[in-house]
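Colleague: Mind folding the following:
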Amino acid sequence: MISDISFPIRLVRLSEKNFIIMKPYFTILFSLSILFSSSSGVLATGKISDTKTDDLPYVEIKVLKDFSALSKQLQSFEKIIMLEVSASYCAYCRVLEEEIIKPMLRSGDYKNTVIICKFEMDNPDTMKGFDGNNTTAAALAETYKVKLTPTLLFLDASGNEVAERIMGVYSLDFFGAYVDKALVKGLHVIKKRSPYP
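Modeller: Model (predicted):
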């Protein structure tokens, strides 16, 4: 029967005598908890620590609305377009931007070979596609069969994929290496097609 089941749980009550004996320990524990909580708050506000977290230069990922203009601009250059397809509600997109894409922009190592930009697939504004026709972000995402955000597309000047896309953020540990590998592969494909020596 269910009523015959017992659990080995005992409630321990402190008698007044035990409480008086334990009172100094409670006072010490309470004091320590206040000390550590207030010191971490002071450290978090930067009043004690000399390190500043906002020393990084501000960078912004270009939101692309006219792909045809970008296409015309890149026709004579051997550059790859790294296009982030994101959404306004996507928390992983923000992680990808802060941990991978913005450091790429800050480094300056990619400015001669990579155009880094993005669009939000839930943006209702009209934009121009690579063909110069008006389209929407949702239609453009559907053209590239993007169902998951964030997705990184690696495109040539005509909007063709030149390297394997990266979908989602599964681990930041090696993510930068995956991006670099896709960029190198895409640039290799673009240089093989290029009429310029």
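Colleague: any idea which helix or strand comes after the lowest-mean-pLDDT helix or strand in the chain?
Modeller: Least confident helix or strand of the chain, by mean pLDDT, DSSP states H and E, is helix 16-45 with a mean of 50. Once helix 16-45 ends, the next helix or strand along the chain (criterion: DSSP states H and E) is strand 62-63.
Colleague: what are the pairing partners of that following strand, and which direction each?
Modeller: strand 114-120 (parallel) (DSSP bridges).
Colleague: Beyond the partner strand, next helix or strand please.
Modeller: Assigned by DSSP H and E, the successor of strand 114-120 is strand 126-128.
Colleague: so what does that following strand touch, helix or strand wise?
Modeller: Secondary-structure packing of strand 126-128 (3 or more Cβ pairs under 8 Å, 6 or more residues apart in numbering; DSSP states H and E): helix 67-74, strand 134-136. Using the backbone N, CA and C atoms, a C-beta is placed for each residue, glycine as well.
Colleague: Including distance to Lys191 and mean pLDDT, could these go into JSON lines?
Modeller: Compiled in JSON lines, the helices and strands packed on strand 126-128 are given as follows (distance: least, Cβ to Cβ, whole Å; pLDDT from 0 to 100):
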{"stretch": "helix 67-74", "distance to Lys191": "13", "mean pLDDT": "90"}
{"stretch": "strand 134-136", "distance to Lys191": "29", "mean pLDDT": "95"}
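Colleague: between those, which one is nearest to Ser171?
Modeller: For Ser171, the closest of the helices and strands packed on strand 126-128 is helix 67-74, at 30.3 Å, according to Cβ to Cβ.
Colleague: which parts of the closest one are buried?
Modeller: Using 16 or more other Cβ atoms under 10 Å as the test for burial, helix 67-74 gives 67, 70-71, 74.
Colleague: Switch the helices and strands packed on strand 126-128 over to JSON lines; also include distance to Val85.
Modeller: Shown next, in JSON lines, are the helices and strands packed on strand 126-128 (distance: least, Cβ to Cβ, whole Å):
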{"stretch": "helix 67-74", "distance to Val85": "12"}
{"stretch": "strand 134-136", "distance to Val85": "13"}
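Colleague: Among those, which comes closest to Lys185?
Modeller: For Lys185, the closest of the helices and strands packed on strand 126-128 is helix 67-74, at 17.9 Å, according to Cβ to Cβ.
Colleague: Who are the packing partners of the helix or strand just after that closest one?
Modeller: Counting by DSSP H and E, the element after helix 67-74 in chain order, helix or strand, is strand 80-86. Helices and strands touching strand 80-86, as assessed by 3+ Cβ pairs under 8 Å, 6+ apart, comprise helix 91-96, strand 114-120, strand 151-155, helix 175-193.
Colleague: No more questions from me, cheers.
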